[in-house]
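Novice: Fold the stuff below for me.
(2 chains)
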Amino acid sequence: AQKITQTQPGMFVQEKEAVTLDCTYDTSDPSYGLFWYKQPSSGEMIFLIYQGSYDQQNATEGRYSLNFQKARKSANLVISASQLGDSAMYFCAMRGLGSGGFKTIFGAGTRLFVKA
Amino acid sequence: EAGVAQSPRYKIIEKRQSVAFWCNPISGHATLYWYQQILGQGPKLLIQFQNNGVVDDSQLPKDRFSAERLKGVDSTLKIQPAKLEDSAVYLCASSLSLAETQYFGPGTRLLVL
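Specialist: From the prediction side, this is the model:
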């Protein structure tokens, strides 16, 4: 069975500093993808970054990078130079090849607070 | 490029009533998903369509929930009859295909009294 675990219910970071949001996963699928989404108070899920299980290099998108450690089954999100607008919920998700094909599961999320 | 559209944005109903949500995916996206997000939790996949066919509905409570995507474009999710525990945000997402990134709509917030 697939599982996503986000162990940090809430995180605080000072503006302009970097922060790491943890995500561990469990799957028996040989091929899978890992995603991070941001959900501001408005409720919309905003796609941030994607890492494929066979990608050799860690994904980066602007201030976002994904620290992918396959052997440890972790896919942590690193946000550099935090901004006040980064305050939001952050969800880690995994898409694997389930019985229905490419089933996606989400973690419980981490709420990030950026302090001025 | 227009994003995923959903309506209504908010809905309040009494238990045992029925309700329907509508979703229009990004143009050209073959795959459409419906998620339920209960307050304080991550989204839970209810059903996913590839064009007008159901790929997975294993977590859809079929005794009360139904969904369709008749022409392979927009989709409707229905709850009949609603229960108190159905209070949640219902998110629609779409992707070019099953293997591509999902993009989400603004969601419909449902409150069942």
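
Novice: okay, and the helix or strand of the chain with the least pLDDT?
Specialist: Picked chain A for this. Every helix and strand of chain A was ranked by mean pLDDT, DSSP states H and E. The lowest is strand A:103-106, at a mean of 91.

Novice: I was thinking of chain B, sorry if that wasn't clear
Specialist: Min over SSEs of chain B, mean pLDDT, DSSP H and E: strand B:53-56 (a mean of 90).

Novice: Can you give me the buried ones in that one?
Specialist: Buried residues in strand B:53-56, counted by 16 or more other Cβ atoms under 10 Å in any protein chain shown: B:Val55, B:Asp56. Yep, even glycine has a C-beta here, placed from its N, CA and C like the rest.

Novice: From the contact counts, what lies against it?
Specialist: Where contact means 3 or more Cβ pairs under 8 Å, 6 or more residues apart in numbering or on different chains; DSSP states H and E, strand B:53-56 is packed against strand B:44-50.

Novice: and the strand it packs on, which strands flank it?
Specialist: strand B:31-37 (antiparallel), strand B:53-56 (antiparallel) (DSSP bridges).

Novice: before we move on, back to that, how about the helix or strand just after the least confident helix or strand of chain B, does it reach chain A?
Specialist: Moving toward the C-terminus from strand B:53-56, the next helix or strand (DSSP states H and E) is strand B:65-68. No: using Cβ under 8 Å from any Cβ of the partner chain, we find that strand B:65-68 stays clear of chain A, coming within 14.1 Å at best.

Novice: How about the residues of chain B by chain A?
Specialist: Applying Cβ under 8 Å from any Cβ, we find that chain B lies next to chain A at B:33, B:40-45, B:48, B:55-58, B:89, B:91, B:93, B:98-99, B:101-107, B:109.

Novice: now those residues: which count as buried?
Specialist: B:33, B:42-45, B:48, B:55-57, B:89, B:91, B:93, B:98, B:102-107, B:109.

Novice: now chain A, which segments are flagged as low pLDDT?
Specialist: Chain A contains residues with pLDDT under 70 at A:98-101.

Novice: can you do 90?
Specialist: Within chain A, the ranges that satisfy pLDDT under 90 run A:1-2, A:27-31, A:42-43, A:56, A:96-103.

Novice: Report the beta-bridge partners for the residue nearest to B:Ser87 when sequence neighbours are not counted.
Specialist: Closest residue in space to B:Ser87, ignoring its immediate chain neighbours: B:Val112 at 4.8 Å, by Cβ to Cβ, 6 or more residues apart in numbering or on different chains. Beta-bridge pairing for B:Val112 (DSSP bridges): B:Ile13.

Novice: follow-up on the earlier one: CA-only coordinates of the least confident helix or strand of chain B in CSV, if you can.
Specialist: Taking Å, rounded to 0.1, in the frame of the first residue of the first chain, the C-alpha atoms of strand B:53-56 are listed here in CSV:
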residue,chain,number,x,y,z
GLY,B,53,-14.2,6.6,-18.9
VAL,B,54,-13.7,5.9,-15.2
VAL,B,55,-10.1,4.9,-14.4
ASP,B,56,-10.5,4.5,-10.7
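
Novice: With that, I have no additional questions.
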